[in-house]
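Participant: Kindly generate the corresponding structure for this input.
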Amino acid sequence: MAGLSGCMGGGGGTTVSILTWTGYDAVNDQVEEALEDVSLEISVADGSANMFSTVNAGGGEEYDVVIPNNEYVPRFIDADLAAPVDMDVMTNFDSLYPTFQSAAEGQFADGGDVYGVPVQFGWYAYGYDSSKLPEDHEHSYDVLFSEEYAGVDLTGSITLYDGYYKSIMATGLALGYTDAFEGDTVSFTDEQLTTIEETLIDFKPNLLGFIHDEETLTQDYQNGNIIASFANRSTHVGIMNDVESVDFSQPAEEELTWFEGAVVTAGSSNKEAAFRVLNEYISPETGAALSENRNIMNTSQAAMDNIEAESLQIEPGVLDGMIPFKPAEQDEAWIEMFERVKNA
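Facilitator: Below you'll find the model as predicted:
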C-alpha cells in the first residue's frame, strides 16, 4: 500500500501484524522471546493520517495493531475500526503514569470502554544553546518571539517547527489563548487565528527558518546558527547526544504533549495475542528498551524507572498540566494560513 515500508519480523506461532512508526522493530526479538508463541510483522507508515486511511480502506483485517498519535485514536473509534482494550490481558496498564491512564480513559474511551493504549510519549517546547542563552533565563515561549531575551541577541537564531499544526498551537500558547485547548478540539476563534497569523508573519524575518528534522537542527547548533529551536523533545534528545551545550526548556506556559496510542483493530483475528504484545511494549524491560532505541519516553513509569540514559530522564511532575494533542477545529483554515505565513 502507498506510504508503507517493507515488513520486518520473524519467529513462529501466531503472527501479529503491526502498522506503526520507525523503531518498533528494535525490540522484536525481545517481545518474541517474552511471548514464545507470538511473532511480529512490522510495517512502517508515513504518519498517522496514512495509518487511518490504510485501515479505513480495508487494512483492518490485514493489521492487528495500529499505533497512530493520540489525536487520531478517536477517528478509529468513530469509524468502528478499534476493538475494546482487554484489561485482563493488559496487566501493565496500571503502571502507566496517571496522566496517561486518565488520557486512555478519556480521549480513548467511548460508551464505558477504552479503545487505545498509550505506549510512548513526548512533548513540544524549545531547546536552546546554554552557552549563549543562560540556563537560568526565564523559561517562556516568549523566547521564540523575541529579538532579544535575557540580554541575548536572538535575531536570525530561532527556528520554529516546519508544520502548521505545531507552530500554530505554539504561537497560540505564547499569545495566552489557553481557552482554545479546553474542548475535544483546538478551537481558536477567527480573531485569534488572525492574530496568530499576523504574529508569525511579523516575526518571520527574525527566524533562521521553519525546521523540524534532527540532522539539520544538529548541524545548525554545531555551526552556531541556532540559539533556540521549537521542536519535539525526542528530537532535542538526539541533538543533546551530539551537542553538549544544548538543553531542553520547561516553559512556564503549558506544553503540548503527544503520545502514541496503540489500537487493536476491530477486524483482527488475533486480538488476544495483539494485546499481549501491547502489554509487553509497556512492560518494565521491553518498554525501557523500546524507549532507549527510539529516544522517546515510555508511558509506563515502571519502564521509565529502568532507563539509564540521562537524556531520557524526567521528573513525573513535568506531566502535570500538559495539553494533549487534539484535532484542529478549523484544520483547513490552519493549513491555508500556514502556507500564507511561509509564502509571506
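Participant: what about the residue of the chain lying at maximal distance from its centre, distance to Lys204?
Facilitator: Going by Cα atoms, centre = their mean, the residue of the chain most distant from its centre is Gly151, 32.7 Å out. As defined by Cβ to Cβ, to the nearest Å, Gly151 lies at a distance of 24 Å from Lys204. Yep, even glycine has a C-beta here, placed from its N, CA and C like the rest.
Participant: Need phi/psi at the spatially most central residue of the chain.
Facilitator: Residue closest to the average C-alpha location in the chain (Cα atoms, centre = their mean): Trp258, at 3.7 Å. Phi and psi for Trp258, reported as degrees, to the nearest 10, are phi -120, psi 150.
Participant: Report the contact partners of it.
Facilitator: By Cβ atoms under 8 Å, 6 or more residues apart in numbering, the contact set of Trp258 is Asn69, Asn70, Glu71, Phe121, Gly122, Trp123, Tyr124, Asn232, Pro324, Phe325.
Participant: show me what contacts Gln250?
Facilitator: The contact partners of Gln250, by Cβ under 8 Å, 6+ apart, come to Ala125, His139, Val318.
Participant: ok, the first one - contacts?
Facilitator: Each residue near Ala125 by Cβ under 8 Å, 6+ apart is listed here: Phe230, Arg233, Phe248, Ser249, Gln250, Pro251, Glu255, Leu256.
Participant: With the last one instead?
Facilitator: Under the criterion of Cβ under 8 Å, 6+ apart, the contact partners of Val318 comprise Gln250.
Participant: pretty sure it belongs to a strand, no?
Facilitator: No: assignment of Val318 by DSSP: H, G, I helix; E, B strand; the rest coil gives helix, placing it outside any strand.
Participant: now it: how far from Ala125?
Facilitator: 10 Å.
Participant: same question, Asp46
Facilitator: Distance of Asp46 to Ala125, given as Cβ to Cβ: 25 Å.
Participant: And for Ser283?
Facilitator: For Ser283 relative to Ala125 (Cβ to Cβ), the value is 28 Å.
Participant: Could you do Leu144 as well?
Facilitator: Taking Cβ to Cβ, one finds Leu144 at 10 Å from Ala125.
Participant: do Asp213 as well
Facilitator: Distance from Asp213 to Ala125, by Cβ to Cβ: 18 Å.
Participant: Low-confidence stretches in the stretch 51-200 of the chain?
Facilitator: Applying pLDDT under 70 to the stretch 51-200 of the chain flags residues 59.
Participant: Enumerate every residue touching the closest residue to Ile335 other than its chain neighbours.
Facilitator: Closest residue to Ile335 apart from its sequence neighbours, by Cβ to Cβ, 6 or more residues apart in numbering: Tyr164 at 5.4 Å. Residues in contact with Tyr164 (Cβ under 8 Å, 6+ apart) are Trp334, Ile335, Met337, Phe338, Glu339.
Participant: Leaving out the residues flanking it, which one is nearest to the fourth one?
Facilitator: This means Phe338. Tyr164 is the one closest to Phe338 (Cβ to Cβ, 6+ apart), at 3.4 Å.
Participant: can you give me the helices for the stretch 101-250 of the chain?
Facilitator: 164-174, 190-203, 214-222, 233-242 (DSSP state H, counting those that start in this stretch).
Participant: Closest one to Asp220 out of the contacts of Gln250, please.
Facilitator: Closest to Asp220 out of the contacts of Gln250 is Ala125 (17.9 Å), distances taken as Cβ to Cβ.
Participant: which residues does that closest one bridge with?
Facilitator: Ala231 (DSSP bridges).
Participant: what about Trp334, which SS state?
Facilitator: helix.
Participant: Give me the neighbour count for it.
Facilitator: Neighbourhood size, Trp334 [other Cβ atoms under 10 Å]: 21.
Participant: is it true that it touches Met169?
Facilitator: No: counting by Cβ atoms under 8 Å, Trp334 sits too far from Met169 to count as a contact (9.1 Å).
Participant: quick one, domains of this protein?
Facilitator: 8-115+257-317, 124-255+324-343 (automatic domain parsing).
Participant: Show me the strands in the stretch 51-200 of the chain, by range?
Facilitator: 65-66, 109-110, 113-114, 117-129, 148-149, 152-153, 158-160 (DSSP state E, counting those that start in this stretch).
Participant: Please identify the deepest-packed of those.
Facilitator: strand 65-66 (a mean of 28; mean count of other Cβ atoms under 10 Å).
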